[in-house]
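**Student:** Test case, fold it:
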Amino acid sequence: MKRIIAALLSMCILGTAAPLIVKSDTNGSVTANAEDPTRMCGDDLTWAIEGNTLIISGTGDMYDYEPYTSPFCENVYIHDIVIEEGVTNIGTGAFEYCENLTSVSIPESVEAINDWAFQYCEKLTSIEIPDSVKSIGGYAFSGCKSLTQITLPEGLASIEEGLFCGCESLTSVKLPEGAESIGEYAFMMCKSLTSLTIPDSVVSIGDCAFMLCMRLKSITIPDKVEKISESMFENCTSLTEVIIPESVTSIEDWAFASCYDLVTVTVPSSVSSIGFAAFQNCKKLEKIVILADDCEIYANNETICNDDEGYAGTIEGHAGSTAQTYAKMFGYTFVTVSELPDTDVTYGDANGNGTIEMADAVLILQSQASPDKYGVDGTEEDHITAQGMINADCSGSGDGVTAKDALAVQKYLLKMIILPEE
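**Tutor:** Next up, the predicted model:
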């Protein structure tokens, strides 16, 4: 069903004819064929056209309009919009299909921008949204094909469904600190998006959120997100790197399908399921490391594959794991974690944060003293991971993790030795 919806969205972005409701001549006189031509902005708002500029003034909320019924829809003479201080709400579909709109001025009095407000304003190149705005509705900027940059307000709690869908000129976006969710289709078909900074506060990302972001090269998923949603990165053909945090418990159907440039992926031990076609048609995928012993992998050769013929890379995991069973089922090459080369090991980095510090020595000792709490399957949130155990074996590498490995970390920090300690 999601794939059908995605296809329909693609058709919508190509454009749908909207009824002509308002036209103005070069002198600014206006004719309207709406049922009530006086019902333009809001009960306490007025409007005027000066040259190519539409000015909205007064105090209060703008009206909401059904799709394609904005009184300014397809007004070819509106190039600029000035919303004056006092307007508190930009209504649903208010400026949808203002096809020649290039700039918008929004005052600090505005608190909300509703659904579809600027949808299909195809010549709008940039917009600055003041921090007074606390909510922006779904699809508010979808289909703004010329939008290259946008400043989002700091207080924005969610990136709603389809917000930037089809903004094919958008190159980068910095999401505000404190944002908690990214909705379905939020950045779908942002074909020029190369980078995206997702704040640590984000806890959920919806289906197809980055689908068809064909220039997106790398992304770090915040460590509070619990699932890689259906088709989240499907057809991100330039994606070379993705970091999946330990918070993730499931990778859903088509999550990374047709990520042609993805070379290696590490699926952490927290992931308990990988859905159908999750890594389908990943042409350059050479290695996928699946660290959970009992991860439920959808039993189809398309779940992990380079093309229609199957998978030419390696699947790495623990001996006796479901990853090994899956590899055997379809004749794929399996390598046990213990056989991984030293280049995959950061000796001493037991907690996996990328640095060697006293906390690593403490975690090594905790994992030995209280394995129920701090071991690989421990109950504590900051327990050691399977990769952490590999990194922790830094003294007499290959003989298992003991207290001497914690001592080796301390000696390294005192610059007495280099790791691994022979």
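**Student:** Please enumerate the helices of the stretch 201-350 of the chain.
**Tutor:** With DSSP state H, counting those that start in this stretch as the criterion, the stretch 201-350 of the chain has helices at 322-329.
**Student:** give me the number of residues near Glu122?
**Tutor:** 17 (other Cβ atoms under 10 Å). From N, CA and C alone the C-beta is placed, and that goes for glycine too.
**Student:** Quick check: it touching Gly143?
**Tutor:** Yes: at 6.8 Å, Glu122 and Gly143 qualify as touching, with contact defined as Cβ atoms under 8 Å.
**Student:** Tell me which stretches of the stretch 151-300 of the chain form strands.
**Tutor:** Using DSSP state E, counting those that start in this stretch, the strands assigned to the stretch 151-300 of the chain run over residues 158-159, 172-174, 181-182, 195-197, 204-205, 218-220, 227-228, 241-243, 250-251, 264-267, 273-274, 287-290, 296-297.
**Student:** Note down every partner strand of the last one and its orientation.
**Tutor:** With DSSP bridges as the test, strand 296-297 is paired with strand 273-274 (parallel).
**Student:** Over to the fourth one?
**Tutor:** According to DSSP bridges, strand 195-197 has the following sheet partners: strand 172-174 (parallel).
**Student:** Off-centre distance for the strand it pairs with?
**Tutor:** Here strand 172-174 is found 11 Å from its chain centre; the criterion is Cα atoms, centre = their mean, to the nearest Å.
**Student:** One more: stretch 412-422?
**Tutor:** Centroid separation for stretch 412-422 versus its chain: 39 Å, with Cα atoms, centre = their mean.
**Student:** And Asp399, how far from Ala157?
**Tutor:** For Asp399, the distance to Ala157 equals 50 Å [Cβ to Cβ, to the nearest Å].
**Student:** neighbour count winner among those two?
**Tutor:** The neighbour comparison of Asp399 against Ala157 (other Cβ under 10 Å) goes to Ala157, with 13 against 10.
**Student:** Check the spacing between that one and Ala392 real quick.
**Tutor:** 39 Å.
**Student:** you'd agree Ala347 is up against Glu422?
**Tutor:** For residue 347 the amino acid is Tyr, not Ala. No: counting by Cβ under 8 Å, Glu422 is not a contact partner of Tyr347; they are 11.6 Å apart.
**Student:** and Glu128, which of the strands of the stretch 151-300 of the chain is closest to it?
**Tutor:** Minimum separation from Glu128 across these (Cβ to Cβ) falls at strand 172-174, 13.0 Å.
**Student:** ok, and for the closest one, which residues are buried?
**Tutor:** When neighbours are counted by 16 or more other Cβ atoms under 10 Å, the buried residues of strand 172-174 are found to be Val173.
**Student:** from now on call the first residue 33
**Tutor:** Fine by me, first position is 33 from now on; the one you just mentioned is strand 204-206.
**Student:** How about stretch 83-103, which residues are buried there?
**Tutor:** 84-86, 88-89, 93-97, 99-103.
**Student:** How about stretch 342-355?
**Tutor:** Neighbour-count burial for stretch 342-355 [16+ other Cβ under 10 Å]: Tyr343, Gly345, Thr346, Ile347, Glu348, Gly349, His350, Ser353, Thr354, Ala355.
**Student:** Ok, stretch 249-266 next?
**Tutor:** For stretch 249-266, the neighbour count (16+ other Cβ under 10 Å) marks Ile251, Ile253, Val257, Lys259, Ile260, Ser261, Glu262, Ser263, Met264, Phe265, Glu266 as buried.
**Student:** Off-centre distance for it?
**Tutor:** Distance of stretch 249-266 from the chain centroid (Cα atoms, centre = their mean) equals 6 Å.
**Student:** Could you work out the end-to-end span of it for me?
**Tutor:** From its first residue to its last, stretch 249-266 covers 13 Å (Cα to Cα, to the nearest Å).
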